[in-house]
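Enquirer: based on what follows, work out the 3D shape:
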Amino acid sequence: MDNKGKKTGGRQKGTPNKTTSTLRTAISKIVNDYYNSETLLEDIYQLKPKERVDIMEKLAAYVVPKLQSVDVNAEVKSNTNIVSARLREMGEKEGK
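Expert: Residues are numbered from 1 along each chain as shown. Next up, the predicted model:
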């Protein structure tokens, strides 16, 4: 039997990488602890006003999604001639 291209060992497909999972958990804990501490607010208040605004703008991206710009190509057709013709027709009917 030929096993070319077939997986014969190692992690099963879809099994998460343990190192990545452990690292994400550790980073998440550090970020959560910092966020829930008074240190975060103290650090922010020590910044210059412009730096504080820059940080708030960066943090807002995780709470409020950025809006994407949209291009609009619109074709506007005037119905003025149609309206004028109808008004003339109505006037002609009333004048008879």
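Enquirer: list the buried ones in the longest helix seen in the chain?
Expert: In the chain, ranked by residue count with DSSP state H as the criterion, the top helix is helix 18-35. Within helix 18-35, no residue counts as buried by 16 or more other Cβ atoms under 10 Å. C-betas here are computed from N, CA, C, even on glycine.
Enquirer: tell me the mean pLDDT over that helix?
Expert: Across helix 18-35, pLDDT averages out at 89.
Enquirer: quick one: contacts of that helix?
Expert: L40 (Cβ atoms under 8 Å, 6 or more residues apart in numbering).
Enquirer: what's downstream of that helix, the next helix or strand?
Expert: helix 38-45 (DSSP states H and E).
Enquirer: any idea of the mean pLDDT for the strand or helix carrying M90?
Expert: For M90, the element it lies in under DSSP H and E is helix 80-95. Helix 80-95 carries an average pLDDT of 78.
Enquirer: from the chain's centre, how far out does that helix sit?
Expert: Computed by Cα atoms, centre = their mean, to the nearest Å, the chain-centroid distance of helix 80-95 equals 51 Å.
Enquirer: SS state for the most centrally placed residue in the chain?
Expert: Closest residue to the average C-alpha location of the chain: P65 at 4.1 Å, with Cα atoms, centre = their mean. Local secondary structure at P65 is given as coil here, using DSSP: H, G, I helix; E, B strand; the rest coil.
Enquirer: what's near enough to touch it?
Expert: By Cβ under 8 Å, 6+ apart, P65 has no neighbours at all.
Enquirer: and it, how far from K29?
Expert: 26 Å (Cβ to Cβ, to the nearest Å).
Enquirer: N73 now?
Expert: 50 Å.
Enquirer: for stretch 73-85, measure first residue to last.
Expert: 29 Å (Cα to Cα, to the nearest Å).
Enquirer: what's the answer for stretch 12-26, then?
Expert: Start-to-end, stretch 12-26 (Cα to Cα) is 25 Å.
Enquirer: fine by me, we can end here.
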